[in-house]
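Trainee: I would like the atomic coordinates for the input below:
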Amino acid sequence: MDTITSTSASLTLSLPTVPFRTVTSSISVSSSLSLPRSHCSARQRRLYSQKRRFWNSSCSSAVPKFTVTCGITEINESQFKETVLQSERPVLVEFVATWCGPCRLITPAMESLAQEYADRLTVVKIDHDANPKLIEEYKVYGLPHLILFKDGQEVPKSRREGAITKVKLKEHVDALLESISVT
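Mentor: Take a look at the predicted model:
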């Protein structure tokens with residue numbers, strides 16, 4: 001470590017140096033997003049303009065937006081009977097909400113599962129907030145919540161609550177599909 005030695009009339013002082021970085025800025029940004037000509041030079045206005053263009057172009061789409069609707073069909077209470085209960089194929093129902101973080105986490109896994117199992121299984125989503133009767137009827141207390149239906153009936157032990165990895169989701173669905181094909 002370097003030291004600074006200072007010699008004064010009769011005092012010698014040795015202090016360790018502390019690494020630090022000094023950042024200087026040639027302009028100050030005002031909240032009005034424009035700098036009056038009278039307060040800055042042409043160079044400062046040019047630099048400010050370049051910075052503003054950079055931030056406007058690179059940061060406008062920095063936050064991705066999420067919606068419940070995706071590649072999986074979203075149904076509501078009026079479509080539930082026809083889509084789920086009267087289906088000839090097994091139907092995996094996913095209860096989700098737009099405000100639910102774990103629901104967003106498993107969305108890619110669910111979409112992949114829906115594509116991969118398209119020949120054996122139908123996957124649908126139900127918005128928790130828009131369908132209170134279904135939530136009450138099927139006692140959905142946590143989100144995301146998965147329930148498998150076959151021949152209009154809930155498959156025993158098919159419920160799964162909370163976020164799940166794609167691998168675990170596939171294992172769960174494979175086990176359920178095997179159990180309903182045996183019986």
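Trainee: Residue 129: neighbour count?
Mentor: If you count neighbours by other CB atoms under 10 Å, residue 129 ends up with 12. Backbone N, C-alpha and C define where each C-beta goes, glycine included.
Trainee: ugh, wrong one, residue 105
Mentor: Using other CB under 10 Å: residue 105 sits among 14 other residues.
Trainee: okay but it is in contact with residue 163, surely?
Mentor: Yes: taking contacts as CB atoms under 8 Å, residue 105 lies within contact range of residue 163: 4.8 Å.
Trainee: For residue 148, give the beta-bridge partners.
Mentor: Beta bridges link residue 148 to residue 92 when assigned by DSSP bridges.
Trainee: who touches it in this structure?
Mentor: By CB atoms under 8 Å, 6 or more residues apart in numbering, the contact list for residue 148 reads 90-93, 154-155, 158, 173, 176, 180.
Trainee: Save those residues as JSON lines, and put in neighbour count and distance to residue 111 too.
Mentor: Output for those, formatted as JSON lines (neighbours: other CB atoms under 10 Å; distance: CB to CB, whole Å):
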{"residue": "90", "neighbour count": "22", "distance to residue 111": "18"}
{"residue": "91", "neighbour count": "22", "distance to residue 111": "16"}
{"residue": "92", "neighbour count": "27", "distance to residue 111": "12"}
{"residue": "93", "neighbour count": "23", "distance to residue 111": "15"}
{"residue": "154", "neighbour count": "15", "distance to residue 111": "23"}
{"residue": "155", "neighbour count": "19", "distance to residue 111": "22"}
{"residue": "158", "neighbour count": "20", "distance to residue 111": "20"}
{"residue": "173", "neighbour count": "22", "distance to residue 111": "14"}
{"residue": "176", "neighbour count": "21", "distance to residue 111": "19"}
{"residue": "180", "neighbour count": "16", "distance to residue 111": "23"}
